[in-house]
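>>> my questions are about this predicted structure, shown below with the sequence.
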Amino acid sequence: MVVPSISPVCNQTACRAVGIPVVDLSKPRADMSRLIVEACEVVGFFKVINHGVSKILIERMESIALEFFSLPSQEKEKAGPPAPLGYGVRNIGFNGDVGELEYLLLHANPSSISHKAKVISKEPSFFSYVVNEYVAAVRHLSCEILDMLAEGLKLRDTNAFSTLLRDFESDSLLRINHYPPWNKNNNITKNGNKCGGARIGFGEHSDPQIISVLRSNDVEGLQVLTSGPGGDHVWAPVAPDPDAFFINIGDLLQAMTNGRLLSVRHRAMANSYKERQSIIFFGAPPLHSLISPLPDTVSPANPCKYNPFTWSEYKKTMYQLRLSHNRLDLFRAD
Ligand code: GA4
């Protein structure tokens, strides 16, 4: 039996603030494409500002999610257990991973959202309206970013990635994570300052899909794994910015670019005194899509690094493994 454990923060790998690349979407397209490629090659992660997603829509999405998490447990549990979709508490996946969080995991297609809304909200039409609008907006943002990425990579088909997300059968997901403060009582020092450490909210992992678009409230917690100057690994805390979106590429994009872009490992910490909420769109292809390095990314000097696989095969493998598993390695050609 796998015994769930929650490990304290920063006991093995150093934590150090590093600069996170920022892409301003109001700048000239060619400059953005170059910056996005650079960010995805070096860190696999960046922040976008001036993204054009309506502030009112974001606030509505944030508040319907908070409203759900403030319901009594027995109400929330009507939307669970996550199998894998639905409401979950602490348990992540099916192989013993746990964290200090509760969440809603939804399929991003409109009919699935409307169906699930009936067990999530007392106002299902409003809930599904807001979630569908939000998903449409972040899907559009994801596609724009993917097109710029393809342009920066000088691919012949600059829609090669976005087509997969725009497909009617796209298997994209929306995840809403709520990290309640794990110890509200024992957190005020004599001088009145907040104190208390952090615990693993959602453990170290890479995202399996093509692209992830995250937005959180104004509470820190997200950390990305970066390589230090000596090749050592360092957890870099990402300063929260509720007005921005944070983008990371997933395993499928690493495979499709023949390893040129990095599916970055990341995690989220839960702290003892402030609730954190993050909303993540995971852009994925249809289940039957065949994923392999694009011909433009393969050359005699850079031979094909991954065997072809379908998204459905990849998903099957990922659900058999622990959260932190480096699952893409199982599909390496060398
Ligand atoms: C990590 C990224 C997304 O949150 C997620 C997660 C999924 C789940 O929570 O059901 C997984 C995890 C994630 C990868 C390995 C498997 C599956 C939990 C887990 C242990 C929704 C996803 O697509 O993959």
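Thanks, I have it. Residues are numbered from 1 along each chain as shown.

>>> what about His107, how many neighbours?
As a burial measure, His107 scores 19 neighbours (other Cβ atoms under 10 Å). For glycine as for every other residue, the C-beta is placed from the backbone atoms N, C-alpha and C.

>>> sorry, wrong one. I was asking about Leu101.
25.

>>> what's the helix or strand encompassing it packed up against?
Element membership for Leu101 (DSSP states H and E) is strand 97-107. Under the contact criterion of 3 or more Cβ pairs under 8 Å, 6 or more residues apart in numbering; DSSP states H and E, strand 97-107 touches helix 55-69, strand 86-92, helix 110-120, strand 173-179, strand 198-205, strand 266-271.

>>> okay, these in TSV with mean neighbour count next?
Formatted as TSV, the helices and strands packed on strand 97-107 follow (neighbours: other Cβ atoms under 10 Å):
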stretch	mean neighbour count
helix 55-69	16
strand 86-92	19
helix 110-120	17
strand 173-179	23
strand 198-205	20
strand 266-271	24
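
>>> okay, those in JSON lines with distance to Leu252 and mean pLDDT next?
Formatted as JSON lines, those follow (distance: least, Cβ to Cβ, whole Å; pLDDT from 0 to 100):
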{"stretch": "helix 55-69", "distance to Leu252": "25", "mean pLDDT": "98"}
{"stretch": "strand 86-92", "distance to Leu252": "20", "mean pLDDT": "97"}
{"stretch": "helix 110-120", "distance to Leu252": "21", "mean pLDDT": "95"}
{"stretch": "strand 173-179", "distance to Leu252": "13", "mean pLDDT": "98"}
{"stretch": "strand 198-205", "distance to Leu252": "14", "mean pLDDT": "94"}
{"stretch": "strand 266-271", "distance to Leu252": "16", "mean pLDDT": "94"}
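
>>> how about these in CSV, adding distance to the ligand?
Formatted as CSV, the helices and strands packed on strand 97-107 follow (distance: least, Cβ to the nearest ligand atom, whole Å):
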stretch, distance to the ligand
helix 55-69, 15
strand 86-92, 5
helix 110-120, 14
strand 173-179, 5
strand 198-205, 5
strand 266-271, 10
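
>>> right, and these - which one's nearest Ala136?
Closest of the helices and strands packed on strand 97-107 to Ala136 is helix 110-120, at 8.7 Å (criterion: Cβ to Cβ).

>>> who touches the closest one?
With Cβ atoms under 8 Å, 6 or more residues apart in numbering as the test, helix 110-120 has contacts from 68, 78-79, 85-87, 104, 106-107, 124-125, 127-128, 131-132, 135, 174.

>>> got any ranges where the stretch 101-250 of the chain has weak pLDDT?
184-196 (pLDDT under 70).

>>> can you do 90?
Low-confidence segments of the stretch 101-250 of the chain (pLDDT under 90): 181-199, 227-234.

>>> from the protein, which residue is nearest to the ligand?
Residue nearest to the ligand within the chain: Gly93 (2.4 Å; Cβ to the nearest ligand atom).

>>> count the residues that sit near that residue.
Number of residues near Gly93 (other Cβ under 10 Å) recorded here: 17.

>>> contacting residues for it?
Contacts of Gly93 by Cβ under 8 Å, 6+ apart are Pro84, Tyr319, Arg322, Leu323.

>>> who wins for most neighbours among the residues you listed?
Leu323 (19 neighbours).

>>> hmm, back to that, nearest to Asp334, of the contacts of Gly93?
Nearest member of the contacts of Gly93 to Asp334, counting by Cβ to Cβ, is Arg322, at 23.9 Å.

>>> which bits of the protein sit near the ligand?
84, 92-93, 95, 97, 105, 173, 175, 205, 207-208, 282, 318-319, 323 (Cβ under 6 Å from any ligand atom).

>>> among the contacts of Gly93, which pair sits farthest apart?
Most distant of those, by Cβ to Cβ, are Pro84 and Arg322, 14.4 Å apart.

>>> will you turn the helices and strands packed on strand 97-107 into TSV that also has distance to Val43?
Below are the helices and strands packed on strand 97-107 laid out as TSV (distance: least, Cβ to Cβ, whole Å):
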stretch	distance to Val43
helix 55-69	24
strand 86-92	24
helix 110-120	32
strand 173-179	21
strand 198-205	16
strand 266-271	10
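
>>> right, I'll call it a day here.
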